[in-house]
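J.: Sequence and predicted model, in that order:
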Amino acid sequence: MTTTLLFLALLAAANPIRVHAVRPGVVTPQVLAFASATVLALGAAFALLSGPMLGLVDVSVSSARIAAGVALIVVSVRDAIGPVPQPKPSLVGHRTGIVPVAFPAALTPPTALLMIAAGADRGVGLAVAVLAGVLVVVLAALCSPRLRGLRPLLAATGAGGVAVGVLVAMDGVLAI
Amino acid sequence: MAVSLLGWVLVLGLVVVAVHPEGCRRPSNDEIRTSAEAAVVWFAANLGDDGRFVYRYDRDRATEEAGYNDPRHAGVMFSLWQAAGSDIDGAAETAELAFERVERLIVDTPVGPAFGRGESVRSGATALLASALDERRRVTGATDLDELIVDFGQTLIGVVNPDGSVSAGIHVEDGPDDTRSPFFTGEVMWALARLHLSFPDKGFDEAALRIRRYLVEDRDRTEQPWPIVSDHWGAYGFETMGRWPSPPPVTEAEEAWLDRQFGLFGLQVRYESQRQGGVTGLTRGPIALAAGVGTLGEGLGNHALDLHRRAARLDDLSQLVERADCAAGLLVDRQINANASTTDLEPKRTFGAWFRLGDTQMDDQQHALSALLLLLDVRATIGATP
């Protein structure tokens, strides 16, 4: 999986529009810090443990990419045609960065599976660096003024996510 | 929150349907050799007085089934000579006995002698026979059949068309026809590549290179094979050409073709390794023919040797070896061993064989044997011994 495809896939998995939809009433630096730390810590953990995890379930790195692609397609279809995510339920105060921003909005099954596949395939450092880049976009979306017309934006990003998911799955299919 | 967690469970459930655990393991060299020896025992025990092997056998009904295939007979001879080269007892003797049948079935055609029966013979049979006899020459040093081998080479040049495509049939009176085979193209290329190594001044290289170009650039477009072929014979050809004194440079188009081939071989091994009985029978179907799994091992082994020799694409090389190990593990685990065969009505028909849905065919043993021996070569060459 190329770095560009990994970036696009992680971006679709942590869909910034989805994250924006669960935006707390007040976005403070502490909220951003909690969200960043949670996403990066869990993402790094998935990447770090990718080898043992794949070994445990007897799945090759190539097939892990298929898994990540399939998960991304499913989650993106939900983005495209499902209900718009709501900011509730949530933790309170700064911890809204954890719930609902980091989870369930940004950290989705494809985020986890992509970090596992990328950690085993491209190395933990690169996987985390790309996730950090994606996080910048996600946090920018979180900080932006509330957008109107989230449904069509989610539909568009969801459709894009489906396309990227197909590419990721095919990347795994065609790999050795 | 509960809804979100349920969503995770649902998504991961769908993922599990798409991607199953792969039952891959890395068999030891001893396991691989024991398995190869058992396959040779099967050939020795299932060679009739007429020089024909048991072609197909139904284990459940304990009956031999009708049919025979000359290219596969020649392919078995190659595998047996390959086994003889690995000092496996009985392989050379069985191959010599199998050749006695062949001698009776060499016919004259307008392009030279060919192996087969009927008014039209298969070019692949002659190609595999030429490779088998060349392997015999390599293993034993015997040169008594050189004239025949070179004549076969001339015949093979005669089935290569100007565009590099290969005529699948040779009419004994009219010569090569316009039919094509997904396998014979690679078989003829490989045979000619081998013969160029053994007889470098006979001009076999030009025809082999013409086929190579066609295989890479035109074959899929003009013949439109479906499903797309993972070409183990082509892999043999590439590996052999890599051993030419002046190997042809690997072009950009060839690297792209190799990329697709590596992917096809890898995908098929990964898919096959997910067939582990139980519920996977519903999602992945029954196990593949051992002949199919064997060809995967052959393709992967040859490409691994080729990459190693070129010192190219080391990441790919390591993955190719990993998949070849997996294919070998599947073969070792699925072979009928001595214990399993004791309960059969005819143990000599089952010991050392591979069955799918109760049937075995001689090419199951042929391709499995070649794949196992090739992996031992790969390990010896690359130094990846467990």
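T.: Received, thanks. Residues are numbered from 1 along each chain as shown, chains lettered A, B, ... in the order given.

J.: Those residues of the stretch 151-300 of chain B touching chain A, which are they?
T.: With CB under 8 Å from any CB of the partner chain as the criterion, the stretch 151-300 of chain B meets chain A at residues B:260, B:262, B:263, B:265, B:266, B:267, B:270. (Each C-beta comes from the backbone N, C-alpha and C, glycine too.)

J.: try it again with 10 Å
T.: Neighbours of chain A within the stretch 151-300 of chain B, by CB under 10 Å from any CB of the partner chain: B:259-267, B:269-271, B:273-274, B:276, B:300.

J.: could you dump the helix or strand encompassing residue B:149 to PDB, C-alpha only?
T.: Taking DSSP states H and E as the criterion, residue B:149 maps to helix B:146-159. Extracted C-alpha coordinates of helix B:146-159, given in PDB (Å, rounded to 0.1, in the frame of the first residue of the first chain):
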ATOM      1  CA  ASP B 146      20.700 -36.200 -27.600                       C
ATOM      2  CA  GLU B 147      19.700 -36.700 -31.200                       C
ATOM      3  CA  LEU B 148      16.100 -37.200 -30.200                       C
ATOM      4  CA  ILE B 149      16.100 -34.300 -27.900                       C
ATOM      5  CA  VAL B 150      17.500 -31.900 -30.500                       C
ATOM      6  CA  ASP B 151      15.000 -33.200 -33.000                       C
ATOM      7  CA  PHE B 152      12.200 -32.500 -30.500                       C
ATOM      8  CA  GLY B 153      13.700 -29.000 -30.200                       C
ATOM      9  CA  GLN B 154      13.400 -28.500 -34.000                       C
ATOM     10  CA  THR B 155       9.800 -29.700 -33.800                       C
ATOM     11  CA  LEU B 156       9.100 -27.100 -31.100                       C
ATOM     12  CA  ILE B 157      10.700 -24.400 -33.100                       C
ATOM     13  CA  GLY B 158       8.200 -25.400 -35.800                       C
ATOM     14  CA  VAL B 159       5.200 -24.800 -33.600                       C
END
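
J.: returning to that earlier point: which members of the residues of the stretch 151-300 of chain B next to chain A are classed as buried?
T.: By neighbour count, with 16 or more other CB atoms under 10 Å in any protein chain shown, those hold B:261-267, B:269-271, B:273-274, B:276, B:300 as buried.

J.: quick revisit: between all of the residues of the stretch 151-300 of chain B next to chain A, which two are separated the most?
T.: Spanning the widest gap among these are B:259 and B:276, at 28.8 Å by CB to CB.

J.: Kindly reformat the buried ones among the residues of the stretch 151-300 of chain B next to chain A as JSON lines and extend each row with secondary structure.
T.: Formatted as JSON lines, those follow (DSSP: H, G, I helix; E, B strand; the rest coil):
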{"residue": "B:261", "secondary structure": "helix"}
{"residue": "B:262", "secondary structure": "helix"}
{"residue": "B:263", "secondary structure": "helix"}
{"residue": "B:264", "secondary structure": "helix"}
{"residue": "B:265", "secondary structure": "helix"}
{"residue": "B:266", "secondary structure": "helix"}
{"residue": "B:267", "secondary structure": "helix"}
{"residue": "B:269", "secondary structure": "helix"}
{"residue": "B:270", "secondary structure": "helix"}
{"residue": "B:271", "secondary structure": "helix"}
{"residue": "B:273", "secondary structure": "helix"}
{"residue": "B:274", "secondary structure": "coil"}
{"residue": "B:276", "secondary structure": "coil"}
{"residue": "B:300", "secondary structure": "helix"}
